[in-house]
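1. What would the 3D arrangement of this be:
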Amino acid sequence: MTQLSHEIHTSERKSFKGCRLRWQWHFQEGWTPQGMAPPLEFGIAYHKGMETLYEPTTWHLDKEVVGELAVKTFVDECNKQRATYLQNVDQPSLEPAIQDEYDERVELGKGMLRYYYREQLPKHPEQFKPIKVEIPFEVPILHPDTGQPLMCKCRRCWDLFNLNARTKGTELTFKDEIDWPGLPVTYAGRIDALGEDSAGDYWIIDWKTARQLSSDEEFLELDDQIGSYVWALRKVLGLPVRGFIYHEQKKGFPQAPKENANIRKGCRYSVSKNQDTDFQTYLAFIRENDPEALRRRHYDEFLTWLRDDGPKFFQRFQIMKTDTQLDNIGIDIGNEALDMIDPNLRIYRNSGRFGCKFCGFRQPCLGKNRGEDYTYTLKTLFKQEPPYWYRQVRGASTESKGGE
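-> Residues are numbered from 1 along each chain as shown. A predicted model of the protein is given here:
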């Protein structure tokens, strides 16, 4: 019989700790807000490009060649997503406004990839070689007190087990359910890349894009996702993983400044601090296109700001994890899993000004709190899909969004 399990992912852990009602609706009952997916999931396409750039079999080749292959992979994924979107909405083409936005995002991704492999890789050559990209994993979760594998006998696990048995032509009885030991509770995820340093140690590499880069790395010490991935590979699978490398890239890249409609304070080109540019790019452009104003020092103040405090477009943090830290992560995951599979678990809202503001379940939650028929809201504004544990039987990925 196919190996079956009660999978837990980082996204579910975060949802469970954030609000149990939202967790119940989304992860247990399968409700998802209605609405067509956008024509471009930028993060998925960006990751596809990075996978090509870090492909181990081509890592030794000229970075300009591999880099342009990465750009092509990104564009191909964008076009694939657009084609799927048009098919779903039954339209021959995107509306002009949506097409413009799509084109801007494509150019953004191409510029980000080229900036990284042309500008950053030569300055910061990797101290590791990539071993593999896009790595799925699934490991057992142990009871934090006994150290034994957790087993789950919840209704969804029995339904999954029973469904799988029927596909094999087996009829299960009530007695089978009583004697059934349950399904193993597992922790699953997908790693962007795995690299090996000169000492033979492994490092998990995680690619992230953001509107603004993080101010420091302290938040990574308690990060739910990457720390748990190190735990899974080192403490459970026994791989010599020292820690993780957090690769963060701004959703932007250095560009030449825009020309002002009129000369401002002797400057022909914009000195706005909101533009995507850096010291080298800006200075080179001004030298060529407005040399007299540069000579007269009209750009000095802005250039000084760019040099000292200008926007950053890329940064990387390397975080090591000790055995004690990983042991504590394993205990946390075990305790959370125990709560999730507890048949007597209490479900309640975790209301808050900031947590609720952007929640996709805001409307039914407000209705439930007011005593209204919130189920009508769920049935009309949401769709109910089989959760990932059910789709797994049919071989579908548990992470349709390309990572947690």
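
2. what's the offset of whichever helix in the chain runs longest from the middle of its chain?
-> Identified as the longest helix of the chain according to DSSP state H is helix 63-89. Centroid displacement of helix 63-89 relative to its chain, using Cα atoms, centre = their mean, to the nearest Å, is 18 Å.

3. List the buried residues for that helix?
-> 66-71, 73-75, 77-78, 81-82, 85 (16 or more other Cβ atoms under 10 Å). C-beta here means a position set from N, CA and C on the backbone, and glycine is covered the same way.

4. just the helices in the stretch 51-200 of the chain please.
-> Taking DSSP state H, counting those that start in this stretch as the test, the helices found in the stretch 51-200 of the chain are 63-89, 96-115, 121-123, 155-167, 174-179.

5. ok now the fourth one, how far from the chain's centre?
-> Computed by Cα atoms, centre = their mean, the separation of helix 155-167 from the middle of its chain amounts to 30 Å.

6. Give the other helices and strands that it contacts.
-> In terms of contacts (3 or more Cβ pairs under 8 Å, 6 or more residues apart in numbering; DSSP states H and E), helix 155-167 is packed against strand 183-197, helix 388-391.

7. Could you tell me the angle between the helix or strand just after the longest one and strand 183-197?
-> Downstream of strand 183-197, the first helix or strand assigned by DSSP states H and E is strand 202-210. For strand 202-210 and strand 183-197, the angle between their directions (axes from the mean of the first three to the mean of the last three Cα atoms, to 10 degrees) works out to 90 degrees.

8. which other helices and strands contact the helix or strand just after strand 202-210?
-> Using DSSP H and E, the helix or strand that follows strand 202-210 in sequence is helix 224-231. Counting contacts by 3+ Cβ pairs under 8 Å, 6+ apart, helix 224-231 packs against helix 10-18, strand 183-197, strand 202-210, strand 241-250, helix 323-340.

9. quick one: which of these is nearest P96?
-> Among those, strand 202-210 comes nearest to P96, with 26.2 Å by Cβ to Cβ.

10. buried sites along that closest one?
-> Per 16+ other Cβ under 10 Å, strand 202-210 contains these buried residues: 202-209.

11. Figure out how far that strand is from the centre of its chain.
-> With Cα atoms, centre = their mean as the basis, strand 202-210 stands 10 Å off its chain's centre.

12. and if you look at stretch 165-180?
-> 38 Å.

13. same question, stretch 142-162
-> With Cα atoms, centre = their mean, you get 27 Å for stretch 142-162.

14. What residues of it count as buried?
-> Quick answer for stretch 142-162 (16+ other Cβ under 10 Å): 142, 144, 150-154, 156-158, 160-162.

15. residue ranges with poor pLDDT in the protein?
-> 1-3, 36-37, 386-404 (pLDDT under 70).

16. Could you report the neighbour count for the closest residue to P184 other than its chain neighbours?
-> Take P184 and drop its neighbours on the chain: the residue closest to it by Cβ to Cβ, 6 or more residues apart in numbering is S5, 5.0 Å away. S5 has 20 neighbouring residues, counting by other Cβ atoms under 10 Å.

17. How much space separates S5 from R234?
-> Here the criterion is Cβ to Cβ, to the nearest Å. By it, S5 lies 21 Å from R234.
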